[in-house]
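1. when you get a sec, could you give me coordinates for this:
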Amino acid sequence: MQETPVFSRIDTVVVRVRNRSAAVAWYRARLGLQLIFEDRSQGLAVFNVGRGASLSVWELRPDETLAGPGVEGSFPIFDAVDATAQRHELIARGVRTSSVRETPGARCFSIWDPDGNRLEVCEVLEPGRG
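-> Predicted coordinates:
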């Protein structure tokens, strides 16, 4: 039996934050993301991350808490053209990063927003490149 996808793409990935306006300022200044929609009454802001995808920051309500900073939770992965160079650029912009990790197929590093949310940056390596 052939499986047919139910969905055509992921529309957005939500990152929960303590303060929407502070998160909007950080994601714009540090990552250079373009704000495309904001609903202050819902505590929501949406950024264009290219190729039809978006990243949304959504403010916690008073009775909610953030997930822990470890790797057990979900996190978005940004596509990198040159992970090493992009890491240096993010460090220059004041972003906290991990060191670059390399596997046979990818070169990746982690970054963290002011709320401690983990975001990943990965460059897919061509076979034989590295």
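2. need the next SSE after the top helix by length along the chain, C-terminal direction.
-> Longest helix in the chain by number of residues (criterion: DSSP state H): helix 20-31. Following helix 20-31 in sequence order, the next helix or strand is strand 34-39 (DSSP states H and E).
3. which pLDDT value goes with residue 69?
-> As predicted, residue 69 sits at a pLDDT of 61.
4. what do you get for residue 72?
-> Per the predicted model, pLDDT is 63 at residue 72.
5. now swap in residue 104 and tell me
-> 89.
6. please identify the helix or strand for it.
-> Assigned by DSSP H and E, residue 104 belongs to no helix or strand.
7. use 502 as the first number from now on
-> Yep, numbering from 502; the last one is residue 605 now.
8. can you get me a residue count around residue 557?
-> As a burial measure, residue 557 scores 18 neighbours (other CB atoms under 10 Å). For every residue, glycine as well, the C-beta is placed using N, CA and C.
9. now the helix or strand harbouring it, how far from the centre of its chain.
-> Using DSSP H and E, residue 557 sits in strand 554-560. In terms of CA atoms, centre = their mean, to the nearest Å, the centre of strand 554-560 is found 9 Å from the chain centre.
10. and stretch 504-518, by the same measure?
-> 14 Å.
11. got it, and stretch 599-616?
-> So, by CA atoms, centre = their mean, the centroid of stretch 599-616 is 12 Å from its chain's centroid.
12. fine by me, thanks again.
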